[in-house]
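S.K.: this is the structure alone, sequence omitted:
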């Protein structure tokens with residue numbers, strides 16, 4: 001495994017203090033200062049740990065976090081944005097989809113395999129970006145070959161024979177001095193088979209030395225042959241120019257692509273079959289894999305060939321080693337619905353047995369274990385685990401004590417009110433109002449939200465959450481869809497147009513929601 005230099009890790013994040021990390025999170029998530037501070041400190045501690053000596057570094061483990069709060073308040077978004085900011089492999093899983101070992105379903109170790117898959121994909125994309133220029137050159141030549149089949153094809157070289165090595169006997173050479181010592185060796189004869197000499201490079205001894213004209217003519221012919229091969233083909237160069245100008249994007253070509261047979265997925269009781277399926281896929285590719293011809297447009301062919309050429313140019317072993325190192329040092333696993341596997345009170349039997357079994361299976365993964373994957377063993381000791389749940393029916397104390405101890409940091413997230421909804425609609429870089437303005441702008445329809453209309457939308461979201469089920473910020477999505485449903489449907493027919501969203505417009509479109517609480521239960 002590659003030992004990464006601490007100075008080369010998280011160079012961009014090295015300049016970010018916990019306060020600046022919170023400021024970055026504020027650009028996308030409203031409120032929840034406690035949760036942001038907790039994840040910012042956890043991230044900064046990982047950077048600090050990488051600067052320690054190797055001996056001390058192994059003893060510093062991440063402080064896992066348990067987020068407690070209702071749905072739609074930003075638990076998942078905080079973890080996702082943190083991982084994106086840090087460039088860390090990240091996976092979000094639901095605790096309810098796992099079952100105890102011995103039951104039908106996925107075992108908890110599959111979350112580490114999924115994390116490793118995400119890490120491999122991340123590193124692979126990064127390394128492919130470094131070889132883009134060379135891959136584009138190869139793709140261009142391949143596309144020209146497909147556009148001009150049979151042109152400028154060089155004759156295939158005959159397979160070269162290996163040199164012939166024959167032992168001729170041993171020899172002994174006395175060394176200087178009176179010790180009587182000598183060097184022993186073996187004399188060998190090396191012969192190059194005649195078939196391995198490239199055309200145009202006939203040995204000079206095949207020509208009579210007195211025939212100077214013969215030798216001169218042979219060298220002249222070789223020189224003319226090389227010049228002819230080096231001269232660019234006018235038709236090929238013309239097509240190259242058209243290809244670079246994008247004039248051939250919709251032309252259909254036939255390309256040869258790698259064929260990877262897919263194995264059917266299957267499950268077995270109590271076991272993880274991902275690695276077995278991967279091995280069977282490898283066996284299938286060994287017997288049935290190969291090349292196949294595919295008829296596609298130049299645009300699509302460029303994408304396919306770019307992926308294949310990029311894969312050829314990168315070192316797979318280096319990708320796997322780097323991904324494994326990054327997963328072990330900076331990986332983040334977000335386990336949602338943790339409260340659903342908690343056993344409330346003294347209940348026992350039935351599904352509670354499996355729930356507690358899942359907790360016991362998660363425990364060694366969080367504590368630190370080695371999980372076998374098809375990319376190699378992965379140690380989970382330094383992976384950051386962030387668990388989350390509403391905990392409205394169960395309490396964190398309903399988890400088994402050992403698992404509680406592995407999540408020492410507990411953060412309670414606040415429910416969202418009208419002021420929070422107002423900020424969500426206007427402040428973040430990806431605010432909902434901004435999203436809808438940009439979406440309808442593609443249809444040449446200009447939306448203009450007045451401040452009063454946005455305030456009205458926030459008040460409606462808070463009111464519906466208080467009367468119906470509290471689903472947090474997700475309520476804004478349902479309200480915005482109900483508000484703009486008709487406009488989104490008619491946008492292509494009324495463009496170009498300018499539509500102001502006022503309080504009156506909001507009340508008109510959402511009047512049924514305002515008047516009838518029961519109707520709102522079905523609409524939203």
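M.R.: Alright, I've got the coordinates. This is a predicted model, so every value here is computed, not measured.

S.K.: how about the contacts made by residue 294?
M.R.: Contacts here follow C-beta atoms under 8 Å, 6 or more residues apart in numbering; on that basis residue 294 touches 254, 255, 256, 257, 304. Every residue, glycine included, has its C-beta placed from N, CA and C.

S.K.: so which of those residues belong to helices?
M.R.: Using DSSP state H, the subset of these located in helices is residue 304.

S.K.: out of the contacts of residue 294, which one has the lowest pLDDT?
M.R.: For the contacts of residue 294, the weakest pLDDT value sits at residue 257, with 79.

S.K.: what's opposite that residue in the beta bridge?
M.R.: Beta-bridge partners of residue 257, counted by DSSP bridges, are residue 292.

S.K.: for residue 387, same thing?
M.R.: Beta-bridge partners of residue 387, as defined by DSSP bridges: residue 66, residue 335.

S.K.: ok, how many other residues are close to it?
M.R.: 27 (other C-beta atoms under 10 Å).

S.K.: related to what we said a few turns ago, which of the contacts of residue 294 count as buried?
M.R.: Buried members of these, counted by 16 or more other C-beta atoms under 10 Å: 255, 304.

S.K.: residue 321 and residue 470: what is the separation?
M.R.: Counting by C-beta to C-beta, to the nearest Å, the gap from residue 321 to residue 470 is 47 Å.

S.K.: compare the two (neighbour count), which wins?
M.R.: Using other C-beta under 10 Å as the criterion, residue 321 and residue 470 rank with residue 470 on top: 19 against 16.

S.K.: tell me, how many neighbours does residue 85 end up with?
M.R.: Residue 85: 18 neighbours (other C-beta under 10 Å).

S.K.: helix or strand: which one has it?
M.R.: helix 75-86 (DSSP states H and E).

S.K.: show residues contacting that helix.
M.R.: 10, 13, 21, 24-25, 28-29, 32, 35-36, 39-40, 43, 46, 67, 69, 89-90, 92, 330, 332, 334, 336, 386, 388, 413.

S.K.: residues touching residue 342, list them.
M.R.: Residue 342 touches 355, 359, 389, 391, 394, 395, 396, 398, 399, counting by C-beta under 8 Å, 6+ apart.

S.K.: among those residues, who's most crowded?
M.R.: residue 399 leads the contacts of residue 342 on contacts (other C-beta under 10 Å) with 27 neighbours.

S.K.: now do the phi/psi pair for that residue.
M.R.: phi -70, psi 160 (degrees, to the nearest 10).

S.K.: doesn't residue 358 make contact with it?
M.R.: No. Using C-beta atoms under 8 Å, residue 399 is not in contact with residue 358, being 10.7 Å away.

S.K.: can I see the domain layout of the chain?
M.R.: 6-130+317-412, 132-149+233-313, 418-523 (automatic domain parsing).

S.K.: winner for burial among those domains?
M.R.: domain 6-130+317-412 (a mean of 18; mean count of other C-beta atoms under 10 Å).

S.K.: that domain: how far from the chain's middle?
M.R.: Taking the mean of its C-alpha atoms, domain 6-130+317-412 sits 17 Å from the chain's own mean (C-alpha atoms, centre = their mean, to the nearest Å).

S.K.: if we can go back for a sec, mind putting the contacts of residue 294 into CSV with distance to residue 432?
M.R.: Listed next are these as CSV, based on distance: C-beta to C-beta, whole Å:
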residue, distance to residue 432
254, 46
255, 43
256, 47
257, 41
304, 37
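
S.K.: kindly indicate which of the contacts of residue 294 lies nearest residue 420.
M.R.: Nearest to residue 420 among the contacts of residue 294 is residue 304, at 46.4 Å by C-beta to C-beta.

S.K.: for the closest one, which residues are in contact?
M.R.: 255, 257, 294, 296.

S.K.: close enough to count as contact, the second one and residue 291?
M.R.: Yes. Counting by C-beta under 8 Å, residue 257 does reach residue 291; the two are 7.0 Å apart.

S.K.: which of the domains of the chain has the lowest mean pLDDT?
M.R.: Looking at the domains of the chain, the lowest mean pLDDT belongs to domain 132-149+233-313 (a mean of 74).

S.K.: how long is it end to end?
M.R.: 9 Å (C-alpha to C-alpha, to the nearest Å).

S.K.: do the same with stretch 380-395
M.R.: So stretch 380-395: terminal residues 26 Å apart, C-alpha to C-alpha.

S.K.: for the helix or strand hosting residue 118, packing partners?
M.R.: Residue 118 is part of helix 110-130, with elements assigned from DSSP H and E. For helix 110-130, the elements it packs on are strand 90-94, helix 274-288, helix 298-313, helix 316-330, strand 332-336, strand 370-373, strand 376-379, judged by 3 or more C-beta pairs under 8 Å, 6 or more residues apart in numbering; DSSP states H and E.

S.K.: I'd like the next helix or strand past that helix.
M.R.: Next along the chain from helix 110-130, counting by DSSP H and E, comes helix 132-147.

S.K.: which secondary structure elements does that following helix sit against?
M.R.: Against helix 132-147 (3+ C-beta pairs under 8 Å, 6+ apart) you get helix 234-244, strand 252-259, helix 298-313.

S.K.: got these as CSV, with distance to residue 113 columns?
M.R.: CSV is the format used below for the helices and strands packed on helix 132-147 (distance: least, C-beta to C-beta, whole Å):
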stretch, distance to residue 113
helix 234-244, 41
strand 252-259, 24
helix 298-313, 21
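
S.K.: which one of the ones you listed lies closest to residue 368?
M.R.: helix 298-313 (33.4 Å).

S.K.: what's the first-to-last distance across stretch 462-478?
M.R.: Stretch 462-478: ends 12 Å apart by C-alpha to C-alpha.

S.K.: what's the spacing between it and its chain's center?
M.R.: That offset, for stretch 462-478, works out to 33 Å (C-alpha atoms, centre = their mean).

S.K.: give me the angle between the helix or strand hosting residue 356 and strand 332-336.
M.R.: Per DSSP H and E, residue 356 falls inside helix 351-367. Helix 351-367 and strand 332-336 are oriented at 160 degrees to each other (axes from the mean of the first three to the mean of the last three C-alpha atoms, to 10 degrees).

S.K.: next, the angle from helix 351-367 to helix 110-130.
M.R.: Using the same axes, to 10 degrees, helix 351-367 lies at 40 degrees relative to helix 110-130.

S.K.: give me the packing partners of helix 351-367, helices and strands only.
M.R.: helix 401-405.

S.K.: which elements pack onto the helix it packs on?
M.R.: helix 351-367.
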